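1. what follows is a predicted protein model with its sequence.
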Amino acid sequence: MSRSPRLGAFASLVFTFTSACGAGVERPEGWSEESHGKKASPAYDVVFPQDKVNRLDLIISPEDWQVMQDDMTGMLGAFGAGGGMGGGGGGGGPGGGGGGGAPPVELTQACEGKAAGDACTATFQGTTFTSTCTSRNNQLLCQPPRGPGGGGGGPGGGGGGPGDIVPNTPVYVPATFKFGGKTWPYVGVRMKGNSSLGETWRRGVGKLPLRLNFDKFKAEHPETDGQRFYGFEKLSLGNGAADTSLMRDKVTADVYRQFGVPAPSTGFAALYVDHGEGPQYWGLFTVDEDADNNSLLDRHFGNHDGALYEADGVGARWQAFDEESFALQKNEELGWAPVQEAIAALNADRTDAATWRANLEAKLEVTGFLRWLAINTVMQNWDAYGAMAHNYYLYSDPQDGGRLHWISWDHDRSMGEGMGRSTSVTHATTDATWPLIRFLMDDPVYAAQYRQFVLEAVDGPVTPDALQARIRSAYDTIAPWAVGDNAEQPGYTFLSTPASFETAISGTSGLLNFAAKRQADVKTALGATP
């Protein structure tokens, strides 16, 4: 149901000059083409600075804030009703990689009164499973089993996606957005995410993940038609619910792009939200370039005229085509034929390997996928294809014959074991339920390419010195906004203590130790010279 946004926080804005958006329509005060206009070149250095934390302010009217609350309550129940406050889990899932965080309450409650090794039954992310109680970070939890063939997956071995924890897309409301002394009116803001949002809401943590759309309310307010934030239409604000280091998403995305894999540009932001009680520091967020921004496609492919698909669901495994698993995000009129044809080519008869490879490469940019698979495996990013059927986009590039190109998304569960969900370096145990990995690894030509890319990764952006330098640089940038002078506030943080942030970086299971060991571990797994 549509509704007209109230003036709320925007009533005092004065419109001062006529723009090209239509006769008699004037732009808001302070509008400039460079900062607000649709034709402005994306200012990556402004929106995603690499050496500082931007301050972002959102003003939401009390009435619209209540609309957001009512919408979420209708889907997930009362705020905070699913468990107490506490720190977030490590980057590898509950109690994983980063350490120092609290695993989901569903998994710990299943082991109350039990001992390590006892049988347990739990319901997690919509799936009920039976397993054993396992000690992680001195706390017992019901260990979700691995997926089929050891390839990962959700509880019960599904791996078909995270499940619809949040059953519907949260509602957009208008907000005033402020940055650097400038104002953007009528910006669409909504809560976003699935497990990250569901876990945050249930635990009653005020650090809610958000999505911003600067052009959302142009129909109701034509004076904002074409509004951008320094060239960007949409931004995603990640809350680090599963990452006590607060840097995995950014560090990993930066590594992927350095390795030539399409991934969003990222930065850090200190977010302040005022919904009627004055500005409240919501905490340190990762700002991601939304995948369906023209800027991301232009930067990686030189155009934005093709179809863009967001993969999520059982069909995103590539065993069989399922239209609902590939949501069309851009140029919808182009349809699903590129995805359907690529999946058919992958699953075709492989007796004549050369013909099979040629037909597959006509539909999918296989080299790019293998590069992604290599760096994703090296970085132990378990919440991705091969363990979970989501967190990637496909772009049908019209300048490349419509072939599909792989775009990586959401890396906040990287650099960690993920309770055993991360795939092996060789993918020897990844089975045919993940055919885009299994079939390529069974082909000697593609397997050799993959091996070469893995070695390039560990001798390039994932050398101990290179990766540790990235981690230390990110730490120096964000520490004052996490635990320092501008530390995250009680009720708006997943850090159980300031020490949990430090442990996630420098502890025995922390990021620096991961960086120190990963090159040697990967080469040992491949039988290569360390």
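-> Noted; the coordinates are in hand. Numbers count the residues shown, from 1 in each chain.
2. now stretch 188-205: mean pLDDT?
-> Averaging the model's pLDDT scores along stretch 188-205 yields 94.
3. residues contacting G82?
-> L76, V105, W201, R202, R203 (C-beta atoms under 8 Å, 6 or more residues apart in numbering). (Each C-beta comes from the backbone N, C-alpha and C, glycine too.)
4. quick check, pLDDT for it.
-> Confidence per residue is given as pLDDT, and for G82 that number is 79.
5. element containing the nearest residue to T121 once chain neighbours are set aside?
-> Leaving aside its chain neighbours, T121 sits nearest to T130 (4.9 Å; criterion: C-beta to C-beta, 6 or more residues apart in numbering). Secondary structure here is read from DSSP states H and E; on that basis T130 sits in strand 127-136.
6. tally of neighbours for P444?
-> P444 is surrounded by 9 other residues when neighbours are defined as other C-beta atoms under 10 Å.
7. torsion angles phi and psi at it?
-> Summarising the backbone geometry of P444 under the convention degrees, to the nearest 10, its torsions are phi -60, psi -40.
8. repeat for the one 10 residues further on
-> The phi and psi torsions at V454 (degrees, to the nearest 10) take the values phi -60, psi -50.
9. could you list every residue that touches it?
-> In this structure, V454 makes contact with A374, T377, V378, V425, V522, L526, judged by C-beta under 8 Å, 6+ apart.
10. state the mean pLDDT of stretch 269-281.
-> The predicted model gives stretch 269-281 an average pLDDT of 98.
11. which parts of that stretch are buried?
-> Residues of stretch 269-281 classed as buried by neighbour count (16 or more other C-beta atoms under 10 Å): A269, A270, L271, Y272, V273, D274, H275, Y281.
12. next one: stretch 426-444
-> Neighbour-count burial for stretch 426-444, with 16+ other C-beta under 10 Å as criterion, is recorded at 426-427, 430, 433-441, 443.
13. ok, I437 touching Y385?
-> Yes. Taking C-beta atoms under 8 Å as the definition, I437 is a contact partner of Y385 at 7.4 Å.
14. with adjacent residues omitted, what lies nearest to L271?
-> Ranked by C-beta to C-beta, 6+ apart and with sequence neighbours excluded, the top spatial neighbour of L271 is W282, at 4.5 Å.
15. right, and that neighbour touches H275 too?
-> No. Using C-beta under 8 Å, W282 makes no contact with H275, being 10.6 Å away.
16. what about the strands in the stretch 51-200 of the chain?
-> 53-59, 119-124, 127-136, 139-142, 173-179, 182-191 (DSSP state E, counting those that start in this stretch).
17. between strand 53-59 and the last one, find me the angle.
-> For strand 182-191 against strand 53-59, the angle by axes from the mean of the first three to the mean of the last three C-alpha atoms, to 10 degrees is 80 degrees.
18. what packs against strand 182-191?
-> With contacts defined as 3 or more C-beta pairs under 8 Å, 6 or more residues apart in numbering; DSSP states H and E, the secondary structure elements packing on strand 182-191 are helix 33-36, helix 62-76, strand 173-179, strand 210-213.
19. go again with 7 Å.
-> Based on contacts counted as 3 or more C-beta pairs under 7 Å, 6 or more residues apart in numbering; DSSP states H and E, the elements that strand 182-191 packs against are strand 173-179, strand 210-213.
20. paired strands for that strand, with orientation please.
-> Paired strands of strand 182-191, with direction, are strand 173-179 (antiparallel), strand 210-213 (antiparallel) (DSSP bridges).
21. the following helix or strand past the shortest one pairs with which strands, parallel or anti?
-> The helix or strand immediately downstream of strand 210-213 is strand 234-238, counting by DSSP H and E. Pairing partners of strand 234-238, with direction, according to DSSP bridges: strand 210-213 (antiparallel), strand 280-289 (antiparallel).
22. for the last one, list the C-alpha coordinates in PDB.
-> Read that as strand 280-289. Once side chains and other backbone atoms are set aside, the C-alpha atoms of strand 280-289 remain, and they are given as PDB (Å, rounded to 0.1, in the frame of the first residue of the first chain):
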ATOM      1  CA  GLN A 280      21.900   9.100  18.800                       C
ATOM      2  CA  TYR A 281      25.200   7.400  17.800                       C
ATOM      3  CA  TRP A 282      24.100   4.100  16.300                       C
ATOM      4  CA  GLY A 283      27.700   2.900  15.900                       C
ATOM      5  CA  LEU A 284      30.300   2.200  13.300                       C
ATOM      6  CA  PHE A 285      28.900   1.000  10.000                       C
ATOM      7  CA  THR A 286      30.400  -0.300   6.800                       C
ATOM      8  CA  VAL A 287      29.100   1.700   3.800                       C
ATOM      9  CA  ASP A 288      28.700  -0.500   0.700                       C
ATOM     10  CA  GLU A 289      28.100   0.700  -2.900                       C
END
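23. measure G491 to D45 for me?
-> G491 sits 33 Å away from D45, going by C-beta to C-beta, to the nearest Å.
24. so what's the closest residue to A327 other than its chain neighbours up against?
-> When the adjacent residues along the chain are set aside, A327 lies closest to E310, with 4.6 Å between them (C-beta to C-beta, 6+ apart). For E310, the contacting residues are A327, Q329, Y393, taking C-beta atoms under 7 Å, 6 or more residues apart in numbering as the criterion.
25. can you name the element that comes right after the longest helix along the chain?
-> As far as residue count goes, and with DSSP state H defining each element, the longest helix of the chain is helix 464-482. Next helix or strand after helix 464-482 toward the C-terminus (DSSP H and E): helix 498-506.
26. average pLDDT for that following helix?
-> Helix 498-506 carries an average pLDDT of 96.
27. that one to helix 464-482, inter-axis angle?
-> Going by the same axes, to 10 degrees, helix 498-506 makes 160 degrees with helix 464-482.
28. alpha carbons only: can I get helix 498-506 in CSV?
-> Once non-C-alpha atoms are left out, helix 498-506 reads as follows in CSV (Å, rounded to 0.1, in the frame of the first residue of the first chain):
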residue,chain,number,x,y,z
PRO,A,498,36.1,-3.3,24.4
ALA,A,499,38.4,-6.3,24.7
SER,A,500,36.3,-8.3,22.3
PHE,A,501,37.1,-5.8,19.5
GLU,A,502,40.9,-6.1,20.3
THR,A,503,40.7,-9.9,20.5
ALA,A,504,39.0,-10.1,17.1
ILE,A,505,42.0,-8.3,15.6
SER,A,506,45.0,-9.6,17.6
